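Undergrad: Give me coordinates for this.
(chains A and B)
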Amino acid sequence: MAAAPGHSHDGVADGGNMRPIPPVIAPGHTFESVTEKIGGIVLTKRTQIGWLVGFAIGFALLMLMNMTIGQLLFVGIGVFGNNNPVGWAFPIINFVWWIGIGHAGTLISAILLLFRQQWRTSINRFAEAMTLFAVACAAMFPLLHTGRPWLAAYWLFPYPNSMGLWPQFRSPLIWDVFAVSTYFTVSLLFWYTGLVPDMATLRDRAKSKAGKVIYGMLSLGWRGSARHWHRYEMAYLLLAGISTPLVLSVHTVVSFDFAVSVVPGWHATIFPPYFVAGAVYSGFAMVMTLAIPLRKFYGLEDFITMRHIHNMTKIMLVTGMIVAYGYANEVFFSWYSANMYEGYMMHNRMTGPYAVFYWSLIAINACMIQLFWFRSVRDNVGLLFVLSLLVNVGMWLERFIIIVTSLHRDFLPSSWDMYQPTRWDFAMFAGTIGLFLSLFFLFIRFLPALAIFEMRTIVPEAKLQPEQHG
Amino acid sequence: MTVPQDIDVLRTKLEQTRGREYWRSLESLSETPEFKEYLHREFPQNASEWLDPVGRRNFLKLMGASLALAGVSACTRQPTEELVPYVRQPEELVLGKPLFYATAMPMAGAGMGLLVESHEGRPTKIEGNPDHPSSRGATDVYAQAAILGLYDPDRSRTLTNLGEIRPFETFAGAAQAVLSSQEASQGAGVRILTETVASPTLAAQLRDLLGRYPLAKWVQWEPLGRHNAREGSRLAFGEYADAQYDIEKATVLVSLDADFLCTGPAGLKHARAFASRRRADGDPALASRLYAVESTPTITGSRADHRLPLRPSEVEAFALLLAEVLQVHPEISRRGSVPDVAYGWVVALAGDLRAHRGRSLVIAGDGQPPIVHALAHLINEELGNVGFTVGYTQTAEAQPTNQLDGLRELVADMNAGTVDMLLILGGNPAYSAPVDLDFTAAMESVPFRAHLSLYADETSAQCHWHIPEAHFLEAWSDVRSDDGTATIVQPLIAPLYNGKSAHEVLAAVTDAGRSGYDLVREHWSRETGLSMESSPVAAAPIPPAGGAAGASAGVTAVEGAEPAGPPPVAAAPVQLLSPLDREWRRWLHDGLVPETAFALRTLLVMEADVAAAVGASIEGAQSGLEVVFRADPSVYDGRFANNAWLQETPKPLTKLTWDNAALISPATAARLELTNGDIVELSAGDRSIRIPVWVAPGQAADTLTLHLGYGRTRAGRAGNGTGFNVNPLRTTAAPDILTNVALTTTGETYTLASTQDHWSLEGRNLVRVATSTQYAEDPLFAQKMEHMPITGLSMYAEHKSNGYAWGMTIDQNVCTGCNSCVVACQAENNVPVVGKEQVLNGREMHWLRIDRYYSGDLENPDTYHQPMPCQQCENAPCEVVCPVAATVHSDEGLNDMVYNRCVGTRYCSNNCPYKVRRFNFLLYQDWDTPSLSLQRNPDVTVRSRGVMEKCTYCVQRINHARVAAKLEDRSIRDGDVVTACQSACPTEAIVFGDINDPNSRVSRIKASQLNYSLLAELNARPRTTYLAIVRNPNTDLEPAGSRPAEEHG
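TA: Numbering: from 1, shown residues only, chains lettered A, B, ... in the order given. The predicted model follows:
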């Protein structure tokens, strides 16, 4: 529900017997306390042991990724388990999974901004960071899964050349290149623009020389003048407007990789909305996965309140139901189309060698999310953390099912085969998780994980007097 | 003595010399004491190594090697070499234009006529010789793969004596010494062991030798010899004879466990003849009918209209039953038992045979006992087939003998210590001899053992001497094919590793060494009476080269009238041609010596003898498991074990690669609770082997088929450690069929690599089949089996195809699944081998695969073969999804791959409904082995890692034909372009051509009502189309309507 600004934060009950809605920021905070709390995480000289441990794990996995990439480049894509019927496997599953995760960030920052959902303020910064890092992880896969990445790195871009050769614009992979690179660029700009005022805050509050210089440079000369604020707001709004279609377009284009082909199980018109919903679903699950430990370890429960947790759970419930509808739709059309290849595809998903993954996916994405209807579940943060992790697993399985079970048995039974990932497949996946964790840990240590200046706008102090009579 | 002084002296000496002189001086320097001392002092750090025995040896080796390299090797002046190629270009040789030479491949006692493509002196591709009766332009898999055998880097390269390298002369001297010591005893201690000899020259040489040493013995051993057929003919006719089948004339064919299509010396001829009456574009009224009774599913059985799986011991009973029902002889009646189903079968079969007297044919398989062969001869005679569908000739092998008896005798002699010299010319008896003879142990008592072989194999390891053999593409020889036609085997290249032919070894041992060329010519001079001496009056122009069909692919075939370019043969400047030369050149050009085919002989079956033999034959009903030993469809008897192409060729029915397995029927496997890959122990008496089982639909119950040729230990890098050696179960008593075998499960499993895991059609109309009756009722049945896409819905105008439009048809009626096309494609298109691990991972690279499907009863299914090259779709799904436009459409309808542009997203492969695209997941091509680079076709790009590849319709051959046509200012004619698969196909199942030309053969076939596209509903519009199968069953055995044709829902 879109409560008017100024009314939602103090916990007004919106119905007779409903329990009060938790506030978006805990009572008692001032400008100073917000700035102190969030800025302090970054500006402290003491690095916490927990951070070091977490970063070490992420960094170790990142090194694993580097080793895998080395192996991949020296030996060949054959180190992965892909084979003849299953030309795409782990790398593309991971690509779609990471890209999907990225979607929540943009949705939160852009769409919820345009809809004036104030609760987004507490989570938008790290959700955007998550988007960037997830897209960075995702973007590696389409490149590295090719046979000759050193050529794919630039032949997929339309650059003028003496041979007059252009990419094949009919191929969805080219659309992917544009969609993903645009998405990454806009997300980066959006995130950085939002960071500028906070950079200035950190510059002003930094005690160390290095901090002053670095944050000073990053703040791009921000002085907080009214003109700056005016231009900033305008730019931010424009970027939000630009980002909004991207939320829909990127995963739509990614779904075209499959929907445009002739492969039974891929060739389906439901794919774009189904993929977008799935992306938002998995993205919010990831935000939840990150937010719950973040608020716990840094004591940010005042800023990331149960209100946020509830709202995110509800969005997951909605999008999860759309995804479940997609599954039902696939089943229906495999029968309704009266196409034997489609029919066999669904039969094979349900009863074939990978059936256990299909039913796990249904168990998680269609059945388990029904728990989100219950308030008791939404209040149980520990349980939500586990469920959000499971949603991530479920969405990964969804991509596995779509990609592997469709390919491994298509038209001619003679070419049917099984797919088995190798240790390098797992190493690469774990490696990108390492990259993500490393970047994320660096982010929370060196940049404000919550938008300080935006948080200041929702403390009671920020409200004008007349509004309090409302 | 101080070091500086020495160095100065040496330096001064060295400075006085220059260039080549320098090295010669160094060599002389190395002899001086000063120099030795200098060397010793120069490396004082090595001095300590003299105390350490290992280090000292290494030091000596290094020192010796460096001396040898530095100076000693230069002791003979190297001939002057100039790097200016072809200042005077050899006649007929145009760079980039291949030449074709006719030759023949000897194998298992017969030869197959070939044309070999040669690029600048290196043979690259083998084609059949269209003029040769046993080839007719086609080849089998072994001939296709022989080119890789030539360049096999694991071939032995050096003559060795007890592992030490020796020159050939040393061997010849040693052998001559032994032989001359045998003069007194008339060669009583000399034994020569060969494979089945089909070379008239070699046979003559051996007979000469036996003439000089009357007590010496020549023994032949072929692991898969035709001993049963030979003994069968002896039983029937009292002498050795070969049956020559005229399958084209036979309307009703019965195979008694005979895999006569594509296998065996006459297999190609038979397959072509069989196909001529079964083609989809032929007259359905003329279709022949094939009945097959067999224990192991074979490609012949897969093409049969009626197939009856019987245990091996039951085949004999079946033959007797058939003889009884046909009333061939009053004393011949049923013995032994056959399953109930066989009785009904026999009655129907006998009726069909009687109705086709003189137009029927019964063929007994080489694995069946002699009595079955004799019965087949008898039945053919009774049915009046002799003289119509079957005739008899002398045997192709020069000296038919009972090889098992010969080998038994040899082993007895060796064990008795009476053999002083054993010369093994080819073959690998230490591996392949029946186990009860214990050949290896018996050899130990022979003081002089020499082995001529392509590889230093198991037998070489047991011999004092190993002589590297010249490949048949490297040496002069001659060979007779199954019908007697002789071919001069001419070399395409000088021996790569100084190999010697059997002719040369025999000549070197007996006389002063003669070249194989001289020996073969002398023999044919004697044989034909044509003089080798040129006389002034004999001067005549060279006979015009012509006649031989232009080989293939529109390549202008310039068949060499001269001996092949590279070998240094004694080709004297030809001014005066001797009488022999005038014929010789024609023989070489045509690839055969005319009028050498055997004349048919009139032989009468001695019925009483056969009847008497019947009484003695069957020992009563067999219980327990039976084992059949068969040639492996890939490695034959093990001689091709190191041929990676053959190892990776999926076997026609099991689709196994890189291994053999014990084939077992589904019911028996279920009863014994066995599944694919379960290792079992098979034992008979005190002998046993362990081997994994493979469930083969169509296998006879309680019968295990074991393929020979695997489990080699000294085959080479590709062959070692593949499969399981089944020879330890094979004895002289039971070389073909072993009864009462005990099977115990071990609980262990073994991973077998099959390229096709799924055998069912899943109700998809991929292979369309009807009986001849159904076809007559509904000629359009094949068209009704699928929804055709509605045309005219596209927003774009239909593409107009002008000029050539290449297309292909594949006739599934005649495809036997023999794999010739698969290996031909591999050879032509530089397709790499990936190895078992990669096959297991589904990454095999064959551009053309043969899909095998079963339908019907698991114990006796109908089997279909569907060759699957790139379908060259007009609306190719692969093209639109490639992000870099690496796969694009040519205006002639080819779906081209641009390897340079490919970045390897594999999207095209995902989107290919036929899954014919192949991806280089790793670096599969061997870039480093020099000999393999000689093999590659220079017209086809060698692909590297990370690139997609697929069938191109042999675009290089199209372009050769285009060049040839343009030079003559005409368009490409139908038949100018012959793809590699098409050219190799024994049954001409594959037809290729321009579909814009309404008169081309392919257009006419595509107009057939049986022509259909695979997965037509996807509207990819493949240019490759298939011809539906029309079976020709006997309505007595299969009433009309008992198996309805399937239609789409």
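Undergrad: buried set for the helix or strand harbouring residue A:279?
TA: Using DSSP states H and E, residue A:279 falls within helix A:271-297. Of all the residues in helix A:271-297, those buried under the rule 16 or more other CB atoms under 10 Å in any protein chain shown are A:271-292, A:294-295. Where you see a C-beta, it was placed from the backbone N, CA and C, and this is true even at glycine.
Undergrad: Now do the same for the closest residue to residue A:183 other than its chain neighbours: its pLDDT.
TA: Excluding the flanking residues, the one nearest residue A:183 by CB to CB, 6 or more residues apart in numbering or on different chains is residue A:250, at 4.7 Å. For residue A:250, the model assigns a pLDDT of 88.
Undergrad: for the helix or strand following the helix holding residue A:279, packing partners?
TA: With elements assigned by DSSP H and E, the helix or strand that comes after helix A:271-297 is helix A:306-336. Secondary-structure packing of helix A:306-336 (3 or more CB pairs under 8 Å, 6 or more residues apart in numbering or on different chains; DSSP states H and E): helix A:271-297, helix A:340-351, helix A:375-379, helix A:381-400.
Undergrad: what ranges do the strands span in chain A?
TA: Secondary structure of chain A (DSSP state E): no strands present.
Undergrad: returning to what we had before: and the residue nearest to residue A:183, how close does it get to chain B?
TA: 17 Å (CB to the nearest CB, to the nearest Å).
Undergrad: any idea how far that residue is from residue B:964?
TA: Using CB to CB, to the nearest Å, residue A:250 is found at 54 Å from residue B:964.
Undergrad: same question, residue A:125
TA: 72 Å.
Undergrad: Those two: which has the busier surroundings?
TA: Neighbour totals were compared for residue A:125 and residue B:964, and residue A:125 leads with 26 against 19 (other CB atoms under 10 Å in any protein chain shown).
Undergrad: and residue 305, what does it touch?
TA: Picking chain A for this. Listed by CB atoms under 8 Å, 6 or more residues apart in numbering or on different chains, the contact partners of residue A:305 are A:22-26, A:122.
Undergrad: To clarify, I was referring to chain B.
TA: B:289-291, B:1031-1034.
Undergrad: any residue of stretch B:918-932 up close to chain A?
TA: Yes. Judged by CB under 8 Å from any CB of the partner chain, stretch B:918-932 and chain A are in contact via B:918-923.
Undergrad: pLDDT weak spots in the chain?
TA: The chain I'm using is chain A. A:1-19, A:462-470 (pLDDT under 70).
Undergrad: switch to chain B, that's the one I care about
TA: For chain B, the stretches with pLDDT under 70 are B:1-87, B:512, B:535-576, B:615-623, B:1039-1049.
Undergrad: per-domain residue ranges of it.
TA: B:3-75, B:242-393, B:623-754, B:769-1031 (automatic domain parsing).
Undergrad: Looking at those, spot the one closest to residue A:34.
TA: Closest to residue A:34 of those, according to CB to CB: domain B:769-1031, at 47.8 Å.
Undergrad: and the closest one, how far apart are its ends?
TA: For domain B:769-1031, the first-to-last residue distance is 7 Å (CA to CA, to the nearest Å).
Undergrad: in stretch B:682-700, what's buried?
TA: B:682, B:684, B:689-700.
Undergrad: Kindly export it (C-alpha atoms) in PDB.
TA: C-alpha atoms of stretch B:682-700 as PDB (Å, rounded to 0.1, in the frame of the first residue of the first chain):
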ATOM      1  CA  LEU B 682      32.600 -66.300 -18.900                       C
ATOM      2  CA  SER B 683      34.200 -69.700 -18.500                       C
ATOM      3  CA  ALA B 684      34.400 -72.800 -20.500                       C
ATOM      4  CA  GLY B 685      36.500 -75.600 -19.000                       C
ATOM      5  CA  ASP B 686      39.400 -74.100 -17.200                       C
ATOM      6  CA  ARG B 687      39.500 -71.000 -19.400                       C
ATOM      7  CA  SER B 688      37.800 -67.800 -18.600                       C
ATOM      8  CA  ILE B 689      37.600 -64.100 -19.500                       C
ATOM      9  CA  ARG B 690      36.000 -61.100 -17.900                       C
ATOM     10  CA  ILE B 691      34.100 -58.800 -20.100                       C
ATOM     11  CA  PRO B 692      31.300 -56.300 -19.700                       C
ATOM     12  CA  VAL B 693      27.900 -57.100 -21.300                       C
ATOM     13  CA  TRP B 694      25.900 -54.900 -23.600                       C
ATOM     14  CA  VAL B 695      22.300 -55.600 -24.200                       C
ATOM     15  CA  ALA B 696      21.700 -55.900 -27.900                       C
ATOM     16  CA  PRO B 697      18.000 -56.100 -29.100                       C
ATOM     17  CA  GLY B 698      17.700 -58.900 -31.600                       C
ATOM     18  CA  GLN B 699      20.400 -61.000 -30.100                       C
ATOM     19  CA  ALA B 700      19.400 -64.600 -29.800                       C
END
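Undergrad: any idea how far residue A:75 is from the spatially closest residue to residue B:943 that is not a sequence neighbour?
TA: Once flanking residues are discounted, residue B:943 sits nearest to residue B:949: 5.1 Å by CB to CB, 6+ apart. Remark: distance between residue B:949 and residue A:75 (CB to CB) = 19 Å.
Undergrad: quick one: which of the two has more around it?
TA: Using other CB under 10 Å as the criterion, residue B:949 and residue A:75 rank with residue B:949 on top: 21 against 14.
Undergrad: residues contacting that one?
TA: Neighbouring residues of residue B:949 by CB under 8 Å, 6+ apart: B:845, B:847, B:897, B:899, B:917-920, B:943.
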